[in-house]
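Engineer: Here's a sequence, model it:
(one chain, ligands or ions: 1)
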Amino acid sequence: MSFRFALALASVVSAVSSATAYETGRVDGHAPIGVMGDHTHHAGEWMTSYRYMRMSMKGNRDGSARKSSADVLRNFPVTPTSMDMEMHMFGVMYAPTDQLTLTAMVPFLRLDMNHKTRMGAKFTTRSKGIGDIAVGGLWKLFENEVHHLHANTRLSFPTGSISEKDDTPMGRVRLPYPMQLGSGTFDPSAGLTYSGQGGAYSWGGQALGTYRFGNNRNGYRLGHEYEASAWGARRLASWLSTSLRLAWQQWGDIRGDDDDLVKTLVPTADPDLRAGKRLDALVGLNLAAGKGILKGQRLALEAGWPVYQSLDGPQLEVDWQLTLGWQFAF
Ligand SMILES: [Cu+2]
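Structural biologist: Okay, here's the model as predicted:
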């Protein structure tokens, strides 16, 4: 029996045996790394993960039109010019049964915002620390060898600070809304995730809503958020797949306001200038080790660029984002 024939036989056998169950273990059995709560685990399985996320924002928009700093400074004495967000996110998943997978996520944030004043001065504000810890449950609703469907439920706890301060030309003051590390409220999320696989291809979609109720202790709540995402992936080798994803996001204005902020000073302090919507196109790479000492390990990368954004502005626009992730199931 030639080597080539043995290889062909082995691949037929594995294709037939693998067609009997949905495979979350295959390299594209996980969605692109920017999607949270995308897969479930088998009873008794654990997974730990780490994600590094980066988002860069530069320049302002009102609606979908760009606004220069001079435009913004006609109405406000101070304008944000750019912002950098960095997040380290640690996650744990555990499945007590085949139907339920529990999740916990702990984020650490670093935010930097650059400003320009009407007088021409420039200054930077910074905040960093733990964000809002979220715990969740993923409930398997349907699964056969091609399709998988589960419900996402999650509750975010107000562990992130909403009273961050930093030095500015106006003294040491409370930072505006987008520079705070948490929402200050208990935020439930609910949604659905579908994924499918066949041959060298896989695909999926997720829709998720996050709701905010009441007021936090600084007198406001962030707007509700809705996200919907669809992706396709192609497996190039047993250990490598590439993906394309479109992600829609929509978020509301802030209700109430923080008394320590002066909303006429800078647009980021105005609770009515926070809403927006955005469509991102993202490309991704998944790497998975199926056997050996690296068994259960995954490495993934996803980068995205907005193709459309409309902001209740002036508000900083997103230029690009990046997620790098490591996952280990055991
Ligand atoms: Cu997992």
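Engineer: how near is the nearest residue to Gly44 once chain neighbours are set aside to Gly129?
Structural biologist: Spatial nearest neighbour of Gly44, excluding adjacent residues (C-beta to C-beta, 6 or more residues apart in numbering): Ala95 at 6.7 Å. The way it works is simple: take the backbone N, C-alpha and C, and place the C-beta from them, glycine included. Using C-beta to C-beta, to the nearest Å, Ala95 is found at 31 Å from Gly129.
Engineer: which of those two has more neighbours?
Structural biologist: Looking at Ala95 and Gly129 with other C-beta atoms under 10 Å, you find the greater number of neighbours at Ala95, namely 20 against 15.
Engineer: three-state assignment of the residue of the stretch 101-250 of the chain found nearest the ion?
Structural biologist: Here the stretch 101-250 of the chain gets closest to the ion at one residue, Thr101, 7.2 Å apart by C-beta to the ion. Classification of Thr101 using DSSP: H, G, I helix; E, B strand; the rest coil returns strand.
Engineer: so who does it touch?
Structural biologist: 40-41, 93-95, 137-138, 140, 150 (C-beta atoms under 8 Å, 6 or more residues apart in numbering).
Engineer: Export those to JSON lines and append columns for distance to Leu192.
Structural biologist: As requested, those are exported to JSON lines (distance: C-beta to C-beta, whole Å):
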{"residue": "Thr40", "distance to Leu192": "13"}
{"residue": "His41", "distance to Leu192": "18"}
{"residue": "Met93", "distance to Leu192": "18"}
{"residue": "Tyr94", "distance to Leu192": "21"}
{"residue": "Ala95", "distance to Leu192": "19"}
{"residue": "Gly137", "distance to Leu192": "13"}
{"residue": "Leu138", "distance to Leu192": "11"}
{"residue": "Lys140", "distance to Leu192": "12"}
{"residue": "His150", "distance to Leu192": "8"}
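Engineer: Could you rank these by neighbour count and give me the top one?
Structural biologist: Ranked by neighbour count (other C-beta under 10 Å), the contacts of Thr101 have His150 at the top, with 25 neighbours.
Engineer: Can you tell me how far Asn144 is from Ser68?
Structural biologist: 55 Å.
Engineer: Give the burial count for Ser243, as a bare number.
Structural biologist: Count around Ser243 with other C-beta under 10 Å applied: 25.
Engineer: in which helix or strand would I find it?
Structural biologist: If you go by DSSP states H and E, Ser243 is part of strand 240-251.
Engineer: What residues of that strand count as buried?
Structural biologist: 241, 243, 245-247, 249-251 (16 or more other C-beta atoms under 10 Å).
Engineer: got a list of what Arg174 touches?
Structural biologist: Arg174 sits next to 163-165, 258, 260-261 when contact means C-beta under 8 Å, 6+ apart.
Engineer: which of those are buried?
Structural biologist: 164, 258, 261.
Engineer: Name the residues of stretch 290-304 that are buried.
Structural biologist: Within stretch 290-304, the residues that count as buried by 16+ other C-beta under 10 Å are 296-304.
Engineer: meant to ask about stretch 219-233, not that
Structural biologist: Counting neighbours by 16+ other C-beta under 10 Å, stretch 219-233 gives 220-229, 231-233 as buried.
Engineer: and which of these is nearest Thr210?
Structural biologist: Glu225 (4.4 Å; C-beta to C-beta).
Engineer: ok, the closest one to Asp253 distance?
Structural biologist: Per C-beta to C-beta, Glu225 is found 12 Å from Asp253.
Engineer: Thr79 too?
Structural biologist: 19 Å.
Engineer: Pick out whichever of those two has more residues nearby.
Structural biologist: Ranked by neighbour count (other C-beta under 10 Å), Thr79 and Asp253 place Thr79 first, with 25 against 15.
Engineer: Now that one. Nearest residue, chain neighbours left out?
Structural biologist: Of all residues not flanking Thr79 in the chain, Val72 sits nearest, at 3.9 Å (C-beta to C-beta, 6+ apart).
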